[in-house]
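*Asks:* A predicted structure for the sequence below; I have some questions about it.
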Amino acid sequence: MLELFLAPAAAVGNQQQIVAQQREELPHAVGRMISAAMLWDDEAQLATVIAAAKRAYPQHAQAIDSLVIDLKAPVEPLRIEPLVVSAPVGVEFEQPGYWEDLNGQLVLNAAETRGNTDTLHFGLKGKVDLKRQAQIHRLAAYANTASANGIESKNNWGMSYQLDTLWTDAYFGYVRGSIERNDFSGFDTDAFAGIGAGAYLMDTDTMDLRSELGPGYRFLELAGEDKNIKAIGLYGAAEFEWLIDEDWTFELDTRVNISGPTSTIQPTMQMSAAVSERISAGVSYDLRYESNPPLKTENLDRVLKFDVRYSY
């Protein structure tokens, strides 16, 4: 009689246990075993492993079949755009040449007249500025010759070298040497060597003003005489440039050399117009004043010239 009451309860317990087992997930070991069997590429052995797995886990028979179907399904390779990472490229800085900056100009002027008076004038002037780090090398030279009615009336030349050492963007020190020869000024030779300091007083897009001043030693050789004069001097210079517009430029360069024997003032004014990128043409007016020239020579020399200039 007691068994009749216990049987339904046992049936209910067994049913709950089966439901609980069906809800269990397929053991991980079963999946690995079936995956390993598929690697043999032998259907008979694979079927044996599957049958053994179903016998051991009958409640997971359906899950085992699903697993086998998934493992046998062809898998398309995952296509991923390749990630290309560019190798870092080192930054290359342009190495400046030995001369960081080089510029200069060559000026040619000539004139000829025929008739009652035959005159011929030819002049050449050039300068070069070369910059290297904090130093600027300045070279300048000129030569002029002229004749009137076949008689030479002018013959002079000169050259100078100056080394500027930049202290700041606005101030610098310099060492300078120059020599001039002039057969018609009363002084065959005028040489100077000195040191000093200078400043860029104005530096804009349209105007530049540069000045310098310093002491030095002056050597003068009198024309037609075997006599030399040596004295301490004071040298000064100012260079002004005004870019009036894209074509027109005005320049005023003044040099002064003060010493006991004589003091020399040389202003030069020039107005030029651009003909091309590097060539310009214009007119210049040169003055040279000597405070104490030798006998039979004038204090003031004036020259008006038409120039053609090449700049680079």
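*Replies:* The structure has been received and is ready for your questions.
*Asks:* Next, the distance between the ends of stretch 158-177.
*Replies:* This stretch, stretch 158-177, spans 11 Å end to end (Cα to Cα, to the nearest Å).
*Asks:* Touching that stretch from outside, list them.
*Replies:* Residues from elsewhere that reach stretch 158-177 (Cβ atoms under 8 Å, 6 or more residues apart in numbering): 134-143, 178-182, 191-200, 203, 212, 214, 216, 235. C-betas here are computed from N, CA, C, even on glycine.
*Asks:* among the residues you listed, which ones are buried?
*Replies:* Neighbour-count burial (16 or more other Cβ atoms under 10 Å) applied to the contacts of stretch 158-177 gives 136, 138, 140, 142, 178, 180-182, 191-192, 194, 196, 198, 200, 212, 214, 216, 235.
*Asks:* Following element in sequence after the host helix or strand of D70, please.
*Replies:* Assigned by DSSP states H and E, D70 belongs to helix 61-72. Remark: after helix 61-72, the chain's next helix or strand is strand 101-113, criterion DSSP H and E.
*Asks:* Beta-bridge partners for the closest residue to E180 other than its chain neighbours, please?
*Replies:* Among residues not flanking E180 along the chain, G158 sits closest, at 3.6 Å (Cβ to Cβ, 6 or more residues apart in numbering). Legend: beta-bridge partners of G158 under DSSP bridges are Y142, E180.
*Asks:* Run a quick neighbour tally on G158.
*Replies:* The tally of other residues near G158 (other Cβ atoms under 10 Å) stands at 17.
*Asks:* now swap in L201 and tell me
*Replies:* Per other Cβ under 10 Å, the neighbour tally for L201 reads 13.
*Asks:* The one 4 residues further on now?
*Replies:* Neighbouring residues of D205 were enumerated by other Cβ under 10 Å; the total is 6.
*Asks:* wait, isn't it in contact with W242?
*Replies:* No: counting by Cβ atoms under 8 Å, D205 sits too far from W242 to count as a contact (11.1 Å).
*Asks:* Please tell me how far the residue nearest to E180 sits from V308.
*Replies:* G158 sits at a distance of 21 Å from V308 (criterion: Cβ to Cβ, to the nearest Å).
*Asks:* And for D129?
*Replies:* For D129, the distance to V308 (Cβ to Cβ) stands at 20 Å.
*Asks:* contacting residues for A143?
*Replies:* Going by Cβ under 8 Å, 6+ apart, A143 touches 123-125, 156-158.
*Asks:* for those, which one is nearest L102?
*Replies:* Ranked by distance to L102 (Cβ to Cβ), these are led by K125 at 18.2 Å.
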